[in-house]
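Visitor: Coordinates for the following, if possible.
(one chain, ligands or ions: 3)
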Amino acid sequence: FQPQAEFANGKIVGIEALARWERDGQVIRPHHFVGMLESDGLAAGLTDTILDQACAWKRRWQDDGLRLNLSVNVSPATLHDPAAADRYQQIVEAHGVSPSEVILEITESLLMADAARGLGVLARLRLKGFGLSIDDFGTGYSSLAQLSQVPFTELKIDQGFVFGAHSQPRKRAVVEASLDLARKLQLETVAEGVETVEDWQMLAELGCGIAQGYLVGAPVPAEDLAECVARWRAPH
Ligand code: C2E
Ligand code: CA
Ligand code: CA
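Guide: Ligands and ions are numbered 1, 2, ... in the order given. As a prediction, this is how the structure comes out:
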């Protein structure tokens, strides 16, 4: 899990679940296995499992007084399954977690490749109260028309535009335009890849909502999250 902090007050308000595969004592990052699972038709199982495990943890933290929104990455193929929305609701509620505290992330490029087919499931998820986030924003060439059709609640600016934006006018321009668009569509904004105090300060000045990146904390095993939250101090 990786923590997310609000720019305005520095508070940790959420976490993103990031899949890891432990095999022969080694921890394998998702880019080595997610694509393979997807092309083998196993994407739905991955999403279900991660959602289930992450909600179990969210509930434990909640019981300890640590209330955090949970973001989970969803493979776009699962959006072709009309039963997905009901299933996600069941998984979340089985842990006593409200869908309104769960944000499902879909990458911009994969979604837009097949937007029309996924739209029904996304609309149903939104009706159930799930948050919907457009991940890696800026890398997917979606049109404004497409973006306004999907009932997103959050826009995550890709780390490629965030890292170094304070000193690179072209990156900064993309960040500013993304924040502008999000404001107009009334979306929450998350900047990924916030690694330096300089980028934090610039994003805070531009009115970005939430920071995620090594500055706030790298992904940690669930057991270490509470300590990571307690240790964090936001820059001034
Ligand atoms: P993502 O959703 O864009 O997740 C952010 C990635 O950036 C994570 O890599 C995270 O460890 C890394 N990161 C976080 N902060 C920083 C930073 O400050 N600087 C830099 N350079 N990197 C940072 P990770 O965990 O290797 O995940 C890679 C991708 O794999 C994710 O990108 C996501 O698209 C996918 N993924 C992860 N978990 C799942 C999952 O459960 N299901 C599916 N379908 N995809 C997943
Ligand atoms: Ca993500
Ligand atoms: Ca991303």
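Visitor: Remind me which helix or strand residue 195 belongs to.
Guide: Using DSSP states H and E, residue 195 is not contained in any helix or strand.
Visitor: change the start of the numbering to 17 and stick with it
Guide: Shifting the count to begin at 17 puts that one at residue 211.
Visitor: ok, it - contacts?
Guide: 179, 229, 230, 231 (Cβ atoms under 8 Å, 6 or more residues apart in numbering). All C-beta atoms are positioned from the backbone trio N, CA, C, and that covers glycine.
Visitor: And it, what's its pLDDT?
Guide: We have a pLDDT of 98 for residue 211.
Visitor: Pop out the phi and psi values for it.
Guide: Backbone torsions of residue 211, given as degrees, to the nearest 10, read phi -110, psi -20.
Visitor: for the record, mean pLDDT for stretch 166-184?
Guide: The model assigns stretch 166-184 a mean pLDDT of 96.
Visitor: same deal with stretch 222-235?
Guide: pLDDT averaged over stretch 222-235 gives 98.
Visitor: Quickly check: that stretch near ligand 1 or not.
Guide: Yes - using Cβ under 6 Å from any ligand atom, we find that stretch 222-235 touches ligand 1 at 229, 230, 235.
Visitor: could I get that stretch in CSV with only the CA atoms?
Guide: What follows is the C-alpha trace of stretch 222-235 in CSV, where atoms were taken according to Å, rounded to 0.1, in the frame of the first residue of the first chain:
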residue,chain,number,x,y,z
LEU,A,222,-1.5,25.2,-8.3
GLY,A,223,-4.3,23.8,-6.1
CYS,A,224,-3.8,20.1,-6.7
GLY,A,225,-5.8,18.0,-4.2
ILE,A,226,-3.8,14.9,-3.2
ALA,A,227,-0.1,13.9,-3.4
GLN,A,228,1.2,10.3,-4.0
GLY,A,229,4.9,9.6,-4.3
TYR,A,230,8.1,8.7,-2.6
LEU,A,231,8.1,12.1,-0.8
VAL,A,232,5.0,11.0,1.1
GLY,A,233,6.1,7.3,1.2
ALA,A,234,7.0,4.4,-1.1
PRO,A,235,4.6,1.4,-1.2
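Visitor: Would it count as contacting ligand 2?
Guide: No - using Cβ under 5 Å from the ion, stretch 222-235 stays clear of ligand 2, coming no nearer than 8.8 Å.
Visitor: in that stretch, what counts as buried?
Guide: By 16 or more other Cβ atoms under 10 Å, the buried positions in stretch 222-235 come out as 222, 224, 225, 226, 227, 228, 229, 231, 232, 233, 235.
Visitor: tell me which of those residues is nearest to residue 212?
Guide: residue 231 (6.4 Å; Cβ to Cβ).
Visitor: just checking, next helix/strand downstream of the helix-or-strand element of the chain with minimal mean pLDDT?
Guide: Sorting the helices and strands of the chain by mean pLDDT, DSSP states H and E puts helix 124-128 at the bottom, at a mean of 76. Past helix 124-128, further along toward the C-terminus, the next helix or strand under DSSP H and E is helix 131-143.
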